[in-house]
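Asker: got a predicted structure plus its sequence, pasted below:
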Amino acid sequence: MAEPKSRAWGAVAPVIVYWHGGGYVSPMVRTHWRFLDELIKRTGATVVVPSYALAPVHTVDEVQPLVDGTLELARSMGSRVYFMGDSSGGGLALAQAQRLRDQGAASLAGLVLIAPWVDATLVNPAIAEYESKDKMLSVKKLRVSGRWWAGERDARDPLVSPAYGTFEGLPRTLVTQGDHDILYPDTMNTVAELQLAGVDTTAIVTEDAPHTHSLMVWTPTARKDVEDIARWILER
């Protein structure tokens with residue numbers, strides 16, 4: 001991966017704003033930091049990791065000022081700013097990209113969504129097929145934390161569940177997803193919606209892989225995903 005490093009380092013190095021997962025109720029863990037360390041090694045990117053306030057004490061409405069301030073900071077660091085997130089952080093990244101687009105903000109360079117949680121309601125009937133395969137997530141628990149995160153908003157509000165938003169005009173997007181994940185059906189629906197909306201969308205789907213497997217950099221599959229993510233970021 002020496003060539004991607006040399007291409008990225010310098011004035012054109014990307015800036016990545018990373019929104020961590022954890023069901024909107026849990027903070028960053030070591031797995032996140034290990035993933036970001038590997039990504040930095042391969043891209044030379046500057047990574048900004050906002051410490052956003054978590055449910056149930058805090059709600060989605062409190063994150064908007066942080067997003068705006070973080071984006072302003074990131075833009076001061078470089079011209080190519082990416083939003084990246086895993087699980088709930090992926091949902092947050094997508095929802096905020098929709099909001100920024102609607103407000104007429106300058107477009108992000110791209111979105112990287114790692115097993116994103118895009119529908120807090122989890123009402124898709126196709127999810128039932130994956131519940132026995134998913135050893136990490138619980139539909140019941142996620143619905144509770146999604147309700148907490150929504151606060152006074154409906155759980156179908158696009159700021160909470162970007163699957164109910166619109167996709168036209170979003171930046172190029174990369175999605176990684178395993179198929180042993182209750183979020184798999186909603187993720188793939190979102191990929192289809194992005195493509196129908198004309199968004200330059202790349203999906204990396206891994207068979208027999210668990211939720212957020214791309215973060216597990218001690219595995220060969222995750223290391224390949226990190227390389228693919230880095231290559232995608234450095235393409236432009």
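Answerer: Everything's here; your move.

Asker: please count neighbours and contacts with C-alpha atoms only from this point.
Answerer: Fine.

Asker: once you drop chain neighbours, what's closest to the residue nearest to the spatial centre of the chain?
Answerer: Geometric centre of the chain, nearest residue: residue 90, 2.3 Å, by CA atoms, centre = their mean. For residue 90, ignoring the flanking residues on the chain, the nearest one in space by CA to CA, 6 or more residues apart in numbering is residue 116 at 4.3 Å.

Asker: do the same with residue 163
Answerer: residue 118 (5.2 Å).

Asker: render the CA-only coordinates of whichever helix or strand residue 176 is part of in PDB, please.
Answerer: Element membership for residue 176, per DSSP states H and E: strand 173-180. Provided in PDB are the C-alpha atoms of strand 173-180 (Å, rounded to 0.1, in the frame of the first residue of the first chain):
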ATOM      1  CA  THR A 173     -20.800   6.800  -1.400                       C
ATOM      2  CA  LEU A 174     -19.000   3.600  -0.400                       C
ATOM      3  CA  VAL A 175     -20.900   1.000   1.700                       C
ATOM      4  CA  THR A 176     -19.400  -2.100   3.300                       C
ATOM      5  CA  GLN A 177     -21.800  -4.700   4.700                       C
ATOM      6  CA  GLY A 178     -21.800  -8.300   5.900                       C
ATOM      7  CA  ASP A 179     -24.800 -10.600   5.400                       C
ATOM      8  CA  HIS A 180     -24.900 -12.000   9.000                       C
END
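
Asker: ok, and for the longest strand along the chain, which residues are buried?
Answerer: Longest among the strand segments of the chain by residue count, using DSSP state E, is strand 201-210. For strand 201-210, the neighbour count (16 or more other CA atoms under 10 Å) marks 201, 202, 203, 205, 206, 209, 210 as buried.
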